[in-house]
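Q: generate coordinates for the sequence data below:
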Amino acid sequence: MHVMSVILVALITFFPQGPGARGPLSAPRDPELEKQSAHSLEVARYYFYKRKPTKGDYDGWTRLNKAVEDRLLEILDLNPTFGQADGVYFLLGEVYKRGGDKDKALEQYNRVVKEFPDSQYLAETKKRLAELNTPVKGKT
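A: Sure, this is the predicted structure:
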């Protein structure tokens, strides 16, 4: 009986997921950090979609975009394995697109497509990529 216990411990040590498992175990997500990140993402969405500076207030739009960008980057800094990271990258793309930074927008949209093939934002992301990659008529 003692030999079986030693063998079992050795198997568990060398194959923690089982002998046929693939890849390393991913660290479990911190539920409180996920909750805080989800809240921050909702706040960023609110400010991006609902808060509008007055028409022609370029500085107001710049400040608003910067505030949303900062909040989204903070989510990624504090919680790099956030379960809704695809939404963060998509919204970052939207912020950069609205701010006129096509290269940064493309980078974020491409990240959604490459890293999150099952994302709920995939169709909209591909639409944005097509818009940004289509030359504007009358311009060279």
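Q: quick one: the helices in this structure, in order.
A: 2-14, 31-49, 58-78, 85-99, 102-115, 122-133 (DSSP state H).
Q: output these as JSON lines; include the columns mean neighbour count.
A: C-beta: built from backbone N, CA, C; applies to glycine. Shown next, in JSON lines, are these (neighbours: other Cβ atoms under 10 Å):
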{"stretch": "helix 2-14", "mean neighbour count": "9"}
{"stretch": "helix 31-49", "mean neighbour count": "15"}
{"stretch": "helix 58-78", "mean neighbour count": "15"}
{"stretch": "helix 85-99", "mean neighbour count": "22"}
{"stretch": "helix 102-115", "mean neighbour count": "16"}
{"stretch": "helix 122-133", "mean neighbour count": "14"}
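Q: tabulate these (JSON lines), appending mean pLDDT.
A: Shown next, in JSON lines, are these (pLDDT from 0 to 100):
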{"stretch": "helix 2-14", "mean pLDDT": "55"}
{"stretch": "helix 31-49", "mean pLDDT": "96"}
{"stretch": "helix 58-78", "mean pLDDT": "95"}
{"stretch": "helix 85-99", "mean pLDDT": "97"}
{"stretch": "helix 102-115", "mean pLDDT": "97"}
{"stretch": "helix 122-133", "mean pLDDT": "95"}
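Q: centre-most residue in the protein?
A: Centroid-nearest residue in the chain: residue 85, 2.5 Å away (criterion: Cα atoms, centre = their mean).
Q: shouldn't that residue be in contact with residue 78?
A: No: under the criterion of Cβ atoms under 8 Å, residue 85 makes no contact with residue 78, lying 12.0 Å away.
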